[in-house]
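here's my sequence, what's the structure:
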Amino acid sequence: MENIPITKKDLDRFKFEIIEIIKKLSGENHNLKRWLKSKEVCELLGISVNTLKAMRVDFNPSLIMGTYYYDYDTIVNVMEQKRVVTD
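Now for the predicted structure:
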């Protein structure tokens, strides 16, 4: 393996590339809503309303004026925790 000197220009270019990647990734998260209604959660997970009702205890939603609101991050965390690892 040969030694190739790294210049300040190389480092600046690399820094710019990293910053652009971070901006892109953080921008994707801004498009997500934090609080989702039951219908949105069903669409997100591809499940029925009855299945969501059965999972309600795990997701710990907020009930406001008869409407359940689910926290997106909680949904992701629960799904990650309940992931089944297969060999």
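
C-alpha only now, for contacts and for neighbours.
Fine.

now do the strands in this structure.
Along the chain, counting by DSSP state E, strands occupy 35-37, 62-64, 67-71.

export those strands as a markdown table, with columns for mean pLDDT.
Output for the strands of the chain, formatted as a markdown table (pLDDT from 0 to 100):
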| stretch | mean pLDDT |
| --- | --- |
| strand 35-37 | 94 |
| strand 62-64 | 96 |
| strand 67-71 | 96 |
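
possible to save these as CSV with distance to V78 and mean neighbour count?
Formatted as CSV, the strands of the chain follow (distance: least, CA to CA, whole Å; neighbours: other CA atoms under 10 Å):
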stretch, distance to V78, mean neighbour count
strand 35-37, 15, 16
strand 62-64, 16, 11
strand 67-71, 11, 17
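
and those strands: which comes nearest V84?
strand 67-71 (22.2 Å; CA to CA).

Provide the strand pairings for that closest one, with the direction of each partner.
strand 35-37 (antiparallel), strand 62-64 (antiparallel) (DSSP bridges).

contact partners of it?
Outside strand 67-71, the residues within contact range by CA atoms under 8 Å, 6 or more residues apart in numbering are 34-38, 41, 59-63.

closest to V76 out of the strands paired with strand 67-71?
Among these, strand 35-37 sits nearest to V76 (CA to CA), with 12.3 Å.
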